[in-house]
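Student: below is the sequence, then the predicted model.
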Amino acid sequence: MDSVEAVSKDFSHVIVGEVLSTEAHPDADRLKVCQVNIGDDTLTIVCGGKNVRPGLKVAVAQIGAVLPGDFKIKKSKIRGVVSLGMLCSEEELGFPVTLDGIIELPAEA
């Protein structure tokens, strides 16, 4: 008998975005300040993912998103830089972890 099983826990307000640019965070060695195109807007998002780079399609948790574990995404200031969302890893979305860093979506996503 066929069945359907969820591969992750529930989450909301997560969309596909494209990283337009990254620059070193002025006050944190391991963070980058990213400009991310989400279709109708460009967001500034602070990210610690080692693999974040321009041109990468990513899973973007927008302000108001609720991730597994009841983790709510809010506008925040990370070491002095405003972040308007979060670039998600597999773990943060409740998926089995297969890579170290944020999710890398296919170019056609």
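Tutor: Nice, I can see it. Numbers count the residues shown, from 1 in each chain.
Student: where does residue 96 land in three-state SS?
Tutor: For residue 96, the assignment made with DSSP: H, G, I helix; E, B strand; the rest coil gives coil.
Student: hey, what's residue 89 bridged with?
Tutor: residue 102 (DSSP bridges).
Student: residues contacting the residue nearest the centre of the chain?
Tutor: By Cα atoms, centre = their mean, the chain has its centre lying nearest to residue 87, at 1.2 Å. For residue 87, the contact set (Cβ atoms under 8 Å, 6 or more residues apart in numbering) comprises 17, 19, 34, 36, 45, 47, 49, 52, 58-61, 102. No exception for glycine: its C-beta is placed from N, CA and C like everyone else's.
Student: list just the nearest of these to residue 81.
Tutor: Distance ranking of the contacts of residue 87 against residue 81, using Cβ to Cβ, places residue 45 first at 9.6 Å.
Student: how about stretch 93-109: buried residues?
Tutor: 93, 95, 102-104 (16 or more other Cβ atoms under 10 Å).
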